[in-house]
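Engineer: Give me coordinates for this.
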Amino acid sequence: MAKTLRFGTFAVLLVMTLGMMMTSCSKDDDPTEKEQLIPNPDEDTGNDEPQEDDGHGDDAPQPEEPDLETVARITETVRYEQAKATVYNIEYPSTDPFGQPVTLSGSIILGDEVMADHHARGAVLYNHYTVYQKDQCPSHGELDILLKVVGSKLFAVAADYYGFGATEDKNQAYCIASVNAQASIDALLAARQLLAEQGFTWDDYLFNLGYSEGGQTSMGVLKLVAEKYPDIHITHTIAGGGPYDITETYRQLVSAGETSMPSTVISVLLAYNEYFQIGIPNSDMFMEPTLSRIDTYLLSKQYKRAEMEGVLAPYKIADWINPVLFNYDSDISRSLMKVFEQENLSKNWIPRGDERINIIHNKLDACVPYTNSTQMIDFLTQKGFSVSHYPAPRTYQDGSVYVTMGDWKPLSPALGAHEFGAIFFITDLIQVICHYLDIQPWFTIEPSELENL
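Structural biologist: Reported below is the predicted structural model:
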């Protein structure tokens, strides 16, 4: 039965959800128990310190040797008693940014109700936001909102992405949507297999969601599923604050001359240069002192964004980027723009006509320009989707897009406009899940959880 949903029902959640901001939240609670399900003293669980060779240098990176014996497996069970959730950390076969076989890692998160009767209402495919520290990936315990989501009797799946977890010694494939989407889909397939082997069953609901880099990955998942996986049906996608068009994002930030998160621009340039094998020396892209700080503050994966942002590079882009990159007709700029276009999600694919999508973006976002979302909306409109903007009623019909955008000023000076947009993303995902499962909002945030903002 279709229901009409409005934001008024969730007004209180807009404030209470602050404690779950995507880039500055603390964990729900610490794990109280860890159990190795398949003890093997010779196995590599991906938790060693990163190796000295991080894949950077003057030579183009070489693909890893294929591991043809890789199979999906549970490597560890972690119990979160306060959250009433159990996590299965997993390793599974996937492909690296060069299309070669690789072992990746991630997590399956289950609430106690699912653990008790071995049945879930469905699944959440969670695509994580921007992280830099190696301990911030899902399999290392950075589960944030997922420990809340599974209280709805859904199980959740989260990939670490290439460059974290089992591949933490590699540079992350930052904002390369095709690579991260493949990691997510392969994690979902592995999770379904492993849960079935453990005797779990589930209903058909599948929610695909993510914010920031995760929002881009979520739309990348839709594209990948439309092109390669006819048997995977996504019930609803919730994508927030995503850089769906890297070319336009780069142009706008360079034109504006400032970004609220310099680390994201640097990470995009590094990842696309390395994994598309452009071969531009870092010294041709970055100026001092940022150039000498990239290895220490960014590629070492020892720091969180808040710890390194002001040290790595100032908000004014001209202070750290090579002036040649301000000229879009330069050889370097054209090489970058060419590969950026290959990952443009706002063109050159055909979404399934029955998809249902929520798009959320803060118009004040100084990290991911909101035109990313308006371009995505225009693209979906051209493909025949109906589009409605808040506060229009939401009945969640096939081939529909529901837009939440506004000039949202952060309630706290500790938050940027990009982070603050995550509140509306969380509110939307609660609405969507409540609609399909026919339940009431199932979690709140305690005031004490706001203290670390």
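
Engineer: Please, where are all the helices along the stretch 51-200 of the chain?
Structural biologist: 112-117, 146-149, 177-197 (DSSP state H, counting those that start in this stretch).

Engineer: Output the ones you listed in CSV; the columns should cover distance to Asp407 and mean pLDDT.
Structural biologist: Placement of C-beta: from N, CA and C, glycine included. Below are the helices of the stretch 51-200 of the chain laid out as CSV (distance: least, CB to CB, whole Å; pLDDT from 0 to 100):
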stretch, distance to Asp407, mean pLDDT
helix 112-117, 40, 98
helix 146-149, 28, 94
helix 177-197, 27, 98
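
Engineer: Nearest approach to Leu345 belongs to which of those helices?
Structural biologist: Closest of those to Leu345 is helix 177-197, at 6.0 Å (criterion: CB to CB).

Engineer: Which positions in the closest one come out as buried?
Structural biologist: For helix 177-197, burial by neighbour count (16 or more other CB atoms under 10 Å) applies to 177-192, 194-195.

Engineer: Packing partners of it?
Structural biologist: strand 85-95, strand 101-111, strand 119-127, strand 154-159, helix 213-228 (3 or more CB pairs under 8 Å, 6 or more residues apart in numbering; DSSP states H and E).

Engineer: neighbouring contacts of the longest one?
Structural biologist: It stands for helix 213-228. For helix 213-228, the surrounding residues in contact (CB atoms under 8 Å, 6 or more residues apart in numbering) are 22, 125-130, 161, 174-175, 177-178, 180-182, 184-185, 208-210, 232, 234, 237-244, 345, 349-352, 355, 357, 360, 376, 425.

Engineer: just the buried members of those?
Structural biologist: 22, 125-130, 161, 174-175, 177-178, 180-182, 184-185, 208-210, 232, 234, 237-244, 345, 349, 351, 355, 357, 360, 376, 425.

Engineer: Which ones among those lie within strands?
Structural biologist: Among those, the residues falling in strands (DSSP state E) are Leu125, Tyr126, Asn127, Asn208, Leu209, Gly210, Thr237, Ile238, Ala239, Gly240, Ile357, Ile360.

Engineer: so the fourth one touches Gly122, yeah?
Structural biologist: No: Asn208 sits out of contact with Gly122 when judged by CB atoms under 8 Å, with a separation of 11.4 Å.

Engineer: out of the helices of the stretch 51-200 of the chain, nearest to Ile433?
Structural biologist: Using CB to CB, the helices of the stretch 51-200 of the chain put helix 146-149 closest to Ile433, at 7.6 Å.

Engineer: who are the neighbours of the closest one, in terms of helices and strands?
Structural biologist: strand 101-111, strand 119-127, strand 154-159.

Engineer: The first one to strand 85-95, inter-axis angle?
Structural biologist: This points to strand 101-111. Here strand 101-111 runs at an angle of 160 degrees relative to strand 85-95 (axes from the mean of the first three to the mean of the last three CA atoms, to 10 degrees).

Engineer: List the pairing partners of strand 101-111 within its sheet, with orientation.
Structural biologist: strand 85-95 (antiparallel), strand 154-159 (antiparallel) (DSSP bridges).

Engineer: what pLDDT, on average, does the first one get?
Structural biologist: Going back to what we said before, that points to strand 85-95. Averaging pLDDT along strand 85-95 yields 98.

Engineer: The last one now?
Structural biologist: Across strand 154-159, the average pLDDT comes to 98.

Engineer: quick one: contacts of it?
Structural biologist: Residues contacting strand 154-159 (CB under 8 Å, 6+ apart): 104-111, 114, 120-128, 138, 143, 146, 149-150, 180, 183-184, 186-188, 191, 195, 200, 202, 205, 207, 433, 437.

Engineer: ok, now with 7 Å
Structural biologist: 104, 106-110, 114, 120-126, 128, 138, 146, 149-150, 183-184, 187-188, 191, 202 (CB atoms under 7 Å, 6 or more residues apart in numbering).

Engineer: Now do the domain split for the chain, please.
Structural biologist: Split into domains by automatic domain parsing, the chain comes to 7-38+59-244+349-447, 247-342.

Engineer: what's the offset of the last one from the middle of its chain?
Structural biologist: Distance of domain 247-342 from its chain centroid, counting by CA atoms, centre = their mean, to the nearest Å, is 20 Å.

Engineer: name the element Asp204 belongs to?
Structural biologist: According to DSSP states H and E, Asp204 maps onto strand 201-211.

Engineer: Just want the angle from that strand to helix 213-228.
Structural biologist: 130 degrees.

Engineer: before we move on, the earlier item: could you redo the helices and strands packed on helix 146-149 as JSON lines and give each row distance to Leu299?
Structural biologist: Converted to JSON lines, the helices and strands packed on helix 146-149 look like this (distance: least, CB to CB, whole Å):
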{"stretch": "strand 101-111", "distance to Leu299": "19"}
{"stretch": "strand 119-127", "distance to Leu299": "22"}
{"stretch": "strand 154-159", "distance to Leu299": "21"}
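
Engineer: and those, which is most packed in?
Structural biologist: Most buried of the helices and strands packed on helix 146-149 by mean neighbour count (mean count of other CB atoms under 10 Å) is strand 154-159; its value is a mean of 28.

Engineer: Return the alpha-carbon coordinates of that strand using CSV.
Structural biologist: In CSV, the C-alpha atoms belonging to strand 154-159 read as follows (Å, rounded to 0.1, in the frame of the first residue of the first chain):
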residue,chain,number,x,y,z
LEU,A,154,17.4,-5.3,8.1
PHE,A,155,20.9,-6.7,7.8
ALA,A,156,23.5,-4.3,6.4
VAL,A,157,26.5,-4.9,4.1
ALA,A,158,29.4,-2.4,3.8
ALA,A,159,32.5,-2.7,1.7
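
Engineer: picking that back up, between the helices and strands packed on helix 177-197, which one is closest to Lys301.
Structural biologist: Comparing the helices and strands packed on helix 177-197 under CB to CB, the one sitting nearest is strand 101-111, at 14.5 Å.

Engineer: Other residues contacting stretch 246-254?
Structural biologist: 175, 243, 259, 265, 268, 317, 325-326, 337, 340-341, 343-344, 368-369, 371-372, 375.

Engineer: Looking at the strands paired with strand 101-111, spot the one closest to Gly421.
Structural biologist: strand 154-159 (20.4 Å).

Engineer: Confirm for me that Val87 is in contact with Gly111.
Structural biologist: No: the pair Val87 / Gly111 is not scored as a contact, 10.7 Å apart, by CB atoms under 7 Å.
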